[in-house]
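# my questions are about this predicted structure, shown below with the sequence.
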Amino acid sequence: MSLFLVPGLQTQYSLRQFLPVDNPLLQRDEQARQLFQLSESQPFIITAKVSDDDSWFTREHVHALESLTELLAHFPGVKNTLSLATVQGAINNSSGLTVGPLLKNLPQEKWESEVSKNPLISPALISKDGKTVSIIVNIKSLTTKELQSLRENLEVTTKASIPFAKIELGGTPAVQTDVGRLLHTEVRNFVVLGFIACFIVLALVFSNWSPLLVSFIIILCANLIVLAVFALAGYPFSVLSSTIPILTTVDVVSLIIHTLLRYAEEKKTRPHLSHHELVTFTLKKMLRPNLIASITTLIGFLSLVTVKVPLIRDYGVTAALAIFLGWVVTTGMLLPLLYFLPGPRARDWAWAKARWGLYLFRRSGVWALLIILISSALAINGKNLSWSARLFDDLPTNHQVRLSTETIDRELGGMIPLDIEIKSKEDAWNDPNLLAQLDDLSHQIRAIEGVGSVVGLPDLIAASNLHQSRLPASRSSTAEVFFLFSLSSESPLKNFLTSDGSTTRLSVRTTDLPANQLQSLVDKIHNSAQMAFPDLSVQVTGMGSTIPSLNNELSHELIFGFWQSMVAIFFVLIFVFKSVRWSLIACIPNLVPPAALLGFLAISQTPIKPSVAIIFSIALGLAFNNTVYFLERLKFLQKNNRTKNLEIEKTLWLEGNPCLISSLTLLTGFSVFMASYFAMNRIFGFYMLLSMLAGLVGDLVLLPTLLKSCPWLLMPWSLRKEKVMATTSAFFLAMIVLFTPLSSKAQTPTIEQIGKEMSQRLSAKDEEFVVKMRIIEADGSGKDREMKIWRLSPAKNEHSMLVRMQKPQDLKGTALLATIKGDQEEKWIYLPSTKQTRRLTGESGQGGILGSELAVEDFDFNREKGTESAVKKEIEVKGKKYLVVESNVGATSANYSKVVSYIHASEYLPIKVECFDKQGKLLKVLEVADYKKLPGGKWRAGKIQIKNVQNKRGTDIALSQIKINQGLKTSLFTPKSLSED
């Protein structure tokens, strides 16, 4: 059954998996992302490099790049794309103001010069030498499977579309998908290599075939069941959990070796017992120590549950579950397998007395003191740990995605995003002086070593190309530029300036520096910004400022968090040994592994990451195995010894070789990590081997020699009798109550009837009204605008709209005219600062009106072509009945897949509209209120509220002074009338 479930196991990798939840730094990053409407998902970055004697500044190359960029934008899961061929720009010439693809509106001879001096384009979209370009593929929220499929489609399509260039796919999603894909190979390789390694050890220990067969069956069943449980529970395999097959294998083999060697020992000491009696006797004897050894190992992993990092917390749970399942499977299968198969025959050296311990006991005090001194020195040296890990070094060297990431890092402006937020008062950034200071700061940061690119508000304004100088000279001129950007469907202004004009953002990208150097660079940038704007609030956010510091903080927590495991195991052993002293002594030898790890990590200057720091808790749990077996045997011998003396030598003779062989199994099992694709896993394997060796020294050298030199540590005290009190656990009962709403059927009107009734109430040939609009950002800040609007629709396919701004004061008098005749659309804008009327040309898309969350199509209730609508049900709210109409608009809408409208059942007026994105997730909700009946029987809403549930932005609209069908003249809707107030 498990075999059928295992193929459903998912693999997953993400940088955010290593980040704690609810951390203030991450919350601040999330607030910044919402404030500037930044994408939640990191993009794929495709790099394309031409030969040394070629350049991208040719019409053929740019045309191919444009076609590819537009093609990729239509792939499922892609939000939008951007490249040199499609990047928008403004060209101001005698024919008007042209907005659209920059290269399409520029003469070819000016391409290179214009691009090289534009920070928005170079080096982010094309390298300084003009030979490498990037295509930015912004993606939606995708599952691991969808991400993998998209990654393959992007690569295949890009290579086929531009065969003249060398293609590499990079970016965080590419790293994520490639690591996930390699994890499949890792899991398979680890299982196979783990089998081989453990079977070599078993073949060296036992002389007949039955132990090999028993081990093979149990290992196979345990791994299958463990993987199947993960698949069934929905736990994805990560970089860390790829180690679980090895953990399961070595844990199972360790339990089997201890049990089978105990069988060989009992067979020699109890020759009168039959095979079946020996099996039963041995399994009874080993049930307790095997369970305790599994529990101590399990506790080491469960200590990770307290870490506020999903990846590490899940790994702790899954690894603990794997250890428990391994014990259950081993215990459950050993009895029938040993019962019906020939008994194991150990080789002479395996079950012989561990007489090598005699050499240790000759100078036991020296050995104990030497180990304690060395461990202390290593622990003290641990203060010099290296915190210089890089973010993108998980992939193997020379791997395609690793090479692409390094290309982006080196030639295309850097890989690590860093944002500088500078907050002032409302509309402060209309001030030309502040903009000039911000421009100077951008140039200063670009000169800092390690910074790849800097883009800010001044670069955006300069790219608008509205003025003779780089930056405008007055507040009104600046406000007009911002207004012009707000007319674009995908205005880049929203990513650099909040709607109230109070906060701006500098987008910095740095190279992938070591964590300590990156932190130093972040501090330097922050200090430069604070010095440039000493009276304003400055803060730094983004991956570059959060992940390195969080990784270091988490690593500190993991390294010294082994004390949690130690304390938990200490209390468990109190119940096991019924003695505080025995439990305390059991902890002493297990301080050797963390001390050794600290010292060697510091000496080798291995960069510390959470995936390395996690070794401390794991190693501690595994190290206690031998301690448990040793002390369990010692306590058994003491109980049967009339003199009550500690039988240290005899305990070591009996348990020395089984513990040694068990440790060799662990060493052999973890050695397979040295063959991993990932440097992370190779480092993990190496330091696990080191910790196992240190644990072996602690258990088989320090513990017996320390007890030999100081037997009073465990001997009974005459004046003290220890008692251990057990506490009971409380049970919590959880109750789940399900509420199922009842639905009723009633006679409802048809879609045609609804459409007809709505048209009669809402349609008008012309109208005039005043709009007060408040755009509300995710953080609660907002910006108010007031405008007067005239609309005229003299024919079915002929529409005109005139908008004249009244507030804010900086924009007063700015006017916009849009006319549609058939399929032709024209736009004109009047800028009062220059008293000029300019025609807007170029391409436009579907987006919010004036930077709000309101789109034109949100009020297109009477959708015609390609729309399937149906009345789903009738509901009652506060005594009023509403019709719920669902419209499938995927074929006609650029933004939505379906629209659900709530329409008053008797008045046929829409009161609420829910718009769903292309993935079928709720995108935004429109609520319409305060309807008023106007002359002619027409209705108009007084208030409209729009809430985008995904980016948390909103728009409140109030309409007043509404006049309809008053006979507006077409002469009002001409470019000439724009300048006439």
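It's in.
# can you name the residues bridging to Lys943?
Beta bridges link Lys943 to Ala929, Ala958 when assigned by DSSP bridges.
# pLDDT wise, what is it at?
Per-residue pLDDT puts Lys943 at 90.
# now do the SS call for Lys285.
helix (DSSP: H, G, I helix; E, B strand; the rest coil).
# just the pLDDT for it.
Note for Lys285: predicted pLDDT of 88.
# got it, and Trp429?
90.
# what helix or strand is the closest residue to Ile751 other than its chain neighbours located in?
Leaving aside its sequence neighbours, Ile751 sits nearest to Ser869 (CB to CB, 6 or more residues apart in numbering; 4.9 Å). In short, each C-beta sits where N, CA and C put it, glycine included. Element membership of Ser869 [criterion: DSSP states H and E] is strand 868-877.
# please report phi then psi for Leu471.
Reported as degrees, to the nearest 10, the phi and psi values for Leu471 are phi -120, psi 150.
# that one - how many residues pack around it?
18 (other CB atoms under 10 Å).
# then Ser67?
Ser67, neighbours per other CB under 10 Å, totals 13.
# doesn't Ser161 make contact with it?
Yes: counting by CB atoms under 8 Å, Ser161 is a contact partner of Ser67 at 6.8 Å.
# just after the helix or strand bottoming out on mean pLDDT in the chain, pick out the following helix or strand.
The weakest-scoring helix or strand in the chain, judged by mean pLDDT, DSSP states H and E, is strand 96-101 (a mean of 64). Using DSSP H and E, the helix or strand that follows strand 96-101 in sequence is helix 111-116.
# how far off centre is that next one?
The chain centre lies 36 Å from the centre of helix 111-116; the measure is CA atoms, centre = their mean, to the nearest Å.
# may I see the buried residues of it?
Buried residues in helix 111-116, counted by 16 or more other CB atoms under 10 Å: 111, 114-115.
# repeat for stretch 679-692
For stretch 679-692, the neighbour count (16+ other CB under 10 Å) marks 680-681, 683-692 as buried.
# in the protein, which residue sits furthest out from the middle?
Most distant from the centre of the chain: His272, at 62.9 Å, with distances by CA atoms, centre = their mean.
# ok, now how distant is that one from Phe281?
Per CB to CB, to the nearest Å, His272 is found 11 Å from Phe281.
# show me the shaky parts of the stretch 301-450 of the chain.
Confidence mapping of the stretch 301-450 of the chain against pLDDT under 70 gives the ranges 350-358, 392, 394-396.
# let's see 90
Along the stretch 301-450 of the chain, segments meeting pLDDT under 90 span 301-321, 339-417, 425-428, 430-432.
# that one: helices as residue ranges?
310-340, 348-351, 357-362, 364-381, 400-411, 432-446 (DSSP state H, counting those that start in this stretch).
# tabulate the buried residues of helix 111-116 (TSV), appending distance to Ile962 and pLDDT.
Supplementary listing: those in TSV, determined by distance: CB to CB, whole Å; pLDDT from 0 to 100:
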residue	distance to Ile962	pLDDT
Trp111	50	86
Glu114	47	82
Val115	48	85
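# and of those residues, the nearest to Leu554?
Val115 (41.6 Å; CB to CB).
# which SS state does the closest residue to the closest one other than its chain neighbours fall under?
Take Val115 and drop its neighbours on the chain: the residue closest to it by CB to CB, 6+ apart is Ile121, 5.1 Å away. Recorded secondary structure, Ile121: coil (three-state DSSP).
# and Lys969, how close does it get to Arg791?
Counting by CB to CB, the gap from Lys969 to Arg791 is 13 Å.
# out of the two, which sits in the more crowded spot?
Arg791 (19 against 10).
# surely that one and Ser800 touch.
Yes: in this structure, Arg791 is within contact of Ser800 by CB under 8 Å, at 7.1 Å.
# on that earlier part again, show the pLDDT at the residue farthest from the centre of the chain.
87.
# the closest residue to Ser55 other than its chain neighbours in helix, strand or coil?
Closest residue to Ser55 apart from its sequence neighbours, by CB to CB, 6+ apart: Gly130 at 4.8 Å. Under three-state DSSP, Gly130 falls in the coil class.
# tell me how far Gly920 lies from Ile139.
16 Å.
# of the two, which one has the most company?
Ile139 (24 against 10).
# how about the nearest residue to that one, chain neighbours excluded?
Using CB to CB, 6+ apart, the closest residue to Ile139 is Ser41 (5.1 Å).
# all strands of the stretch 751-900 of the chain, in order?
766-776, 782-795, 798-807, 815-821, 824-831, 836-842, 868-877, 880-888, 898-904 (DSSP state E, counting those that start in this stretch).
# could I get those strands as JSON lines with distance to Glu927?
Putting the strands of the stretch 751-900 of the chain into JSON lines (distance: least, CB to CB, whole Å) gives the following:
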{"stretch": "strand 766-776", "distance to Glu927": "14"}
{"stretch": "strand 782-795", "distance to Glu927": "17"}
{"stretch": "strand 798-807", "distance to Glu927": "23"}
{"stretch": "strand 815-821", "distance to Glu927": "26"}
{"stretch": "strand 824-831", "distance to Glu927": "30"}
{"stretch": "strand 836-842", "distance to Glu927": "32"}
{"stretch": "strand 868-877", "distance to Glu927": "12"}
{"stretch": "strand 880-888", "distance to Glu927": "12"}
{"stretch": "strand 898-904", "distance to Glu927": "9"}
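# mean pLDDT lowest for which of those?
strand 836-842 (a mean of 73).
# for that one, packing partners?
When contacts are defined as 3 or more CB pairs under 8 Å, 6 or more residues apart in numbering; DSSP states H and E, strand 836-842 sits against strand 96-101, strand 824-831.
# ok now that strand, how far from the chain's centre?
Distance, centroid of strand 836-842 to centroid of chain: 43 Å (CA atoms, centre = their mean).
# what lines up beside it in the sheet?
strand 96-101 (parallel), strand 824-831 (antiparallel).
# out of the strands of the stretch 751-900 of the chain, the one nearest Ile225 is which?
Closest among the strands of the stretch 751-900 of the chain, using CB to CB: strand 898-904, at 43.0 Å.
# one step back: looking at the buried residues of stretch 679-692, which are in helices?
If you go by DSSP state H, those have 680-681, 683-692 in helices.
# on that earlier part again, go ahead and confirm the residue nearest to Ser55 touches Glu112.
Yes: between Gly130 and Glu112 there is a contact under CB under 8 Å: 6.5 Å.
# touching both of those two, which residues are there?
Phe57 (CB atoms under 8 Å, 6 or more residues apart in numbering).
# for Leu287, which residues are in contact?
Leu287 touches Thr331, counting by CB under 8 Å, 6+ apart.
# actually Val454, sorry about that
By CB under 8 Å, 6+ apart, the neighbours of Val454 are 119, 442, 445-446, 506-509.
# what about the helices in the stretch 651-800 of the chain?
Counting by DSSP H, counting those that start in this stretch, the helices of the stretch 651-800 of the chain are 679-697, 703-709, 751-762.
# need those helices in JSON lines with mean pLDDT, can you?
Compiled in JSON lines, the helices of the stretch 651-800 of the chain are given as follows (pLDDT from 0 to 100):
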{"stretch": "helix 679-697", "mean pLDDT": "82"}
{"stretch": "helix 703-709", "mean pLDDT": "83"}
{"stretch": "helix 751-762", "mean pLDDT": "80"}
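# need these in TSV with distance to Glu786, can you?
As requested, the helices of the stretch 651-800 of the chain are exported to TSV (distance: least, CB to CB, whole Å):
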stretch	distance to Glu786
helix 679-697	57
helix 703-709	81
helix 751-762	24
